[in-house]
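>>> return atomic coordinates for the entry below.
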Amino acid sequence: MQNQPTFVLVHGAFANSFSFAPLQAELALLGHRSVALDLPGHGFEATFPAAYQAPQDLDGLAAAPGSIKGVMLADNVARVTEVLERAKRNGPTVLVAHSRGGFTATAVANARPELIDRIVYVSAWCPVDLDVAGYYAEPEMADVDPGGFAAALVGNPAELGLLRTNFRTADPATLDAFKQAFAADLTDDEFRTFLNTFQPDENLDAGTPDDRAQAATWGRIPRTYVRLAADASMPPAVQDRMIREADALTPDNSFDVRTLEGSHLRWLVHPKPAAEVLASLAGN
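Predicted coordinates:
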């Protein structure tokens, strides 16, 4: 098994390792080992205030402290680095990031490229020329309305020291906005099931310009970008822009680009095609 890679899976915003369980099952059935980690303040480290339960107390929820307060990108990097160091003892590693997990994966690759044999972004942020706020101001993100989720935000992020979202809202308009952005091609039951795996809190640190992809370190790692063709929250146009910018940064080491049909979350709910793509990279 020493020549077989370990897939190290990094989740996105408000998510956790639990969402990778179906994908890990498919990878295992294809003969591949994987580890899904929880970034600090996620998974069983997350805070679910009593006020988040039913019946909800929104005033209480707006004031309740959260364990993710103070968590920085550097803490995420340290967590992933520790897992990669342990996994590397068993052979090659493939670091797989989804969505906001791309910030962390990129920062880890900038700092410790020797720990990663391939890095895979699945509709994940890979900032190259701009920071995330900069990309949101660009034409590729023009159809994405972050304000569409404003009704689900709870509390003052500056006071809480974190971003809190009420995923247990019963407001039809807010639920529809979530579904259209992340899971328009899932059934209502699949969508609600996934929504109930989310945690309410996320940290506020998306990194600095120094955490964008760096040619000398990140740029020497073989890399794959898995495009999600019907992703409404990370449109294919912005995925393609980051691919182009990365390829311009290191033209001698360009992205291997794959495409999966579906929304931002479909590949996790119906993971067989994604598992097959990852398995195909195991020997590369």
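
>>> for Thr259, helix, strand, or coil?
On the three-state scheme (DSSP: H, G, I helix; E, B strand; the rest coil), Thr259 is labelled strand.

>>> is it in contact with Arg227, as I believe?
Yes: using C-beta atoms under 8 Å, Thr259 makes contact with Arg227 at a distance of 4.4 Å. For every residue, glycine as well, the C-beta is placed using N, CA and C.

>>> so these two - more neighbours on which side?
Arg227 (19 against 13; other C-beta atoms under 10 Å).

>>> tell me which residues of whatever helix or strand the more buried one lives in come out buried.
In the assignment (DSSP states H and E), Arg227 maps to strand 223-228. For strand 223-228, a neighbour-count test (16 or more other C-beta atoms under 10 Å) marks 223-228 as buried.

>>> tell me how many other residues surround Pro209.
Neighbourhood size, Pro209 [other C-beta under 10 Å]: 9.

>>> for it, what are its contacts?
Taking C-beta atoms under 8 Å, 6 or more residues apart in numbering, we find Pro209 in contact with Asp131.

>>> now the phi/psi pair for it, please.
phi -50, psi -30 (degrees, to the nearest 10).

>>> C-terminal to the lowest-mean-pLDDT helix or strand in the chain, what's the next element?
Lowest mean confidence among the helices and strands of the chain (mean pLDDT, DSSP states H and E): helix 132-136, at a mean of 89. Remark: after helix 132-136, the chain's next helix or strand is helix 157-160, criterion DSSP H and E.

>>> give the residue spans of the stretch 1-150 of the chain that score low on pLDDT.
Judged by pLDDT under 70, the stretch 1-150 of the chain has its weakly predicted residues at 1-2.

>>> how does it look with 90?
1-4, 132-133, 136, 142-150 (pLDDT under 90).

>>> helices of that one, residue ranges please.
For the stretch 1-150 of the chain, the helices defined by DSSP state H, counting those that start in this stretch cover 21-29, 58-63, 73-88, 101-111, 132-136.

>>> quick one, which of the ones you listed is nearest to Trp125?
Proximity to Trp125, assessed across the helices of the stretch 1-150 of the chain by C-beta to C-beta, is greatest for helix 101-111 (3.8 Å).

>>> who are the packing partners of the closest one?
Here helix 101-111 touches strand 6-10, helix 73-88, strand 93-98, strand 118-122, going by 3 or more C-beta pairs under 8 Å, 6 or more residues apart in numbering; DSSP states H and E.

>>> residues in contact with that helix?
10-12, 39, 73-74, 76-77, 80-81, 84, 95, 97, 115-116, 119, 121, 124-127, 132, 206-207, 211-214, 217-218, 221.

>>> show the buried residues in these.
Neighbour-count burial (16+ other C-beta under 10 Å) is assigned, among these, to 10-12, 39, 73, 76-77, 80-81, 84, 95, 97, 115-116, 119, 121, 124-127, 132, 207, 211-214, 217-218, 221.

>>> and Leu260, what does it touch?
Leu260 makes contacts with 226-229, 267, 273-274, 277, as judged by C-beta under 8 Å, 6+ apart.

>>> Ile116 too?
Residues in contact with Ile116 (C-beta under 8 Å, 6+ apart) are 84, 93-95, 108-109, 221.

>>> where's Ala124 relative to Gly283, distance?
The gap separating Ala124 from Gly283 is 23 Å, by C-beta to C-beta, to the nearest Å.

>>> err, Thr224, not the other one
Applying C-beta to C-beta, the value for Thr224 to Gly283 is 13 Å.

>>> start to end distance for stretch 185-201?
Counting by C-alpha to C-alpha, to the nearest Å, you get 25 Å between the two ends of stretch 185-201.

>>> distance from the chain centre to it, please.
Counting by C-alpha atoms, centre = their mean, to the nearest Å, stretch 185-201 is centred 15 Å from the centre of its parent chain.

>>> again with stretch 149-160
21 Å.

>>> go on, stretch 226-245?
Mean-position distance between stretch 226-245 and its chain equals 14 Å (C-alpha atoms, centre = their mean).

>>> so which bits of that stretch are buried?
Residues of stretch 226-245 classed as buried: 226-228, 231-236, 238-239, 241-243, 245 (neighbour count, 16+ other C-beta under 10 Å).
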